[in-house]
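# okay, here's the prediction I keep looking at, along with the sequence it came from:
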Amino acid sequence: DGGITQSPKYLFRKEGQNVTLSCEQNLNHDAMYWYRQDPGQGLRLIYYSQIVNDFQKGDIAEGYSVSREKKESFPLTVTSAQKNPTAFYLCASTLTGGLNEQFFGPGTRLTVL
Amino acid sequence: SQQGEEDPQALSIQEGENATMNCSYKTSINNLQWYRQNSGRGLVHLILIRSNEREKHSGRLRVTLDTSKKSSSLLITASRAADTASYFCATLNDYKLSFGAGTTVTVRA
């Protein structure tokens, strides 16, 4: 089956720890995105990548880092510098150029204890 | 930055009725997209309308776009319980999508 997978579904972290969220797609899409969603709000763009080995900051990149070593994978690290990391994180991908619909993964809910 | 703003924030309707929600945005766009999100899940793409299009249909969905007013509307006809979800508009500009806060639709049986 083609699609986007995110793992884990739920993640708990102690304050001061870095955690990495996984995002994998087998749709052969060039562009991938990470969004953050807070309760009752829309999605805010954290980072995006239009091609392997290249990525750009979105609107709320502070406290996050990414890598894009493979076309299929775009992991997101939430660092201890992120002041309020508890949120729902969504990964998405789209065809080259980013002018088409985005396909979303099921999300990872991160809770900082 | 969140460019799209949906109205109303919440909508409750009876099964079989139509649901209409609106989206306003601020800057020029390449296209405008509507997504649905069931509680605690990822987003599902519903429909995309390009900046040079005025109206688009997909099944029970009808989307309009008025670029002069920087607004769009989504109409769901003959609603069903399964349509209960949050609906988001997203505007595409410079290869990035900007989402609004969404309209939560509840369809009562």
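Looks like it came in fine. Numbering: from 1, shown residues only, chains lettered A, B, ... in the order given.
# so in terms of bridging, what pairs with residue 56?
I went with chain A, as the question did not name one. Under the criterion DSSP bridges, residue A:56 forms beta bridges with residue A:48.
# please refer instead to chain B.
Each beta-bridge partner of residue B:56 is listed here, defined by DSSP bridges: residue B:63.
# hmm, residue B:63 and it touching each other?
Yes. With contact defined as CB atoms under 8 Å, residue B:56 reaches residue B:63; the gap is 4.9 Å. Quick note: C-beta positions are derived from backbone N, CA and C, even for glycine.
# those two - which one has more neighbours?
For residue B:56 versus residue B:63, neighbours defined as other CB atoms under 10 Å in any protein chain shown are more numerous around residue B:63 (23 against 16).
# helix or strand for the spatially most central residue of chain A, which one?
Closest residue to the average C-alpha location of chain A: residue A:34 at 3.0 Å, with CA atoms, centre = their mean. Counting by DSSP states H and E, the element that carries residue A:34 is strand A:31-37.
# what's the offset of that strand from the middle of its chain?
On the basis of CA atoms, centre = their mean, to the nearest Å, the separation between the geometric centre of strand A:31-37 and that of its chain is 4 Å.
# next, the contact list for the residue nearest to residue B:62 when sequence neighbours are not counted, please.
Leaving out its chain neighbours, the residue that sits closest to residue B:62 by CB to CB, 6 or more residues apart in numbering or on different chains is residue B:75, at 4.4 Å. Taking CB atoms under 8 Å, 6 or more residues apart in numbering or on different chains as the contact definition, residue B:75 lies against B:18-20, B:61-64.
# quick check: residue B:75 is in a strand.
Yes. Checked against DSSP: H, G, I helix; E, B strand; the rest coil, residue B:75 lies within a strand.
# against residue A:9, how distant is it?
Using CB to CB, to the nearest Å, we find residue B:75 at a distance of 34 Å from residue A:9.
# quick revisit: want to try a markdown table for the contacts of residue B:75, with distance to residue B:8 and pLDDT as columns?
Compiled in a markdown table, these are given as follows (distance: CB to CB, whole Å; pLDDT from 0 to 100):
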| residue | distance to residue B:8 | pLDDT |
| --- | --- | --- |
| B:18 | 14 | 97 |
| B:19 | 10 | 97 |
| B:20 | 9 | 97 |
| B:61 | 18 | 98 |
| B:62 | 18 | 98 |
| B:63 | 17 | 98 |
| B:64 | 17 | 98 |
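# buried ones from these, can you make that a ChimeraX selection?
One line in ChimeraX is enough to select the buried members of the contacts of residue B:75, burial here meaning 16 or more other CB atoms under 10 Å in any protein chain shown:
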select /B:19,61,62,63
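# out of the contacts of residue B:75, which one sits closest to residue A:106?
Distances from residue A:106 to the contacts of residue B:75, taken as CB to CB, are shortest for residue B:61 (22.8 Å).
# so that closest one makes contact with residue B:74?
Yes. Because the distance of 6.7 Å satisfies CB under 8 Å, residue B:61 is recorded as touching residue B:74.
# returning to what we had before: overlap in contacts, residue B:56 and residue B:63.
Counting by CB under 8 Å, 6+ apart, the common neighbours of residue B:56 and residue B:63 are B:47, B:49.
# list the buried residues for the one helix or strand residue A:22 maps to?
Using DSSP H and E, the element containing residue A:22 is strand A:19-25. With burial defined by 16+ other CB under 10 Å, the residues of strand A:19-25 counted as buried are A:19, A:21, A:23-25.
# that's all I had, so thanks and see you.
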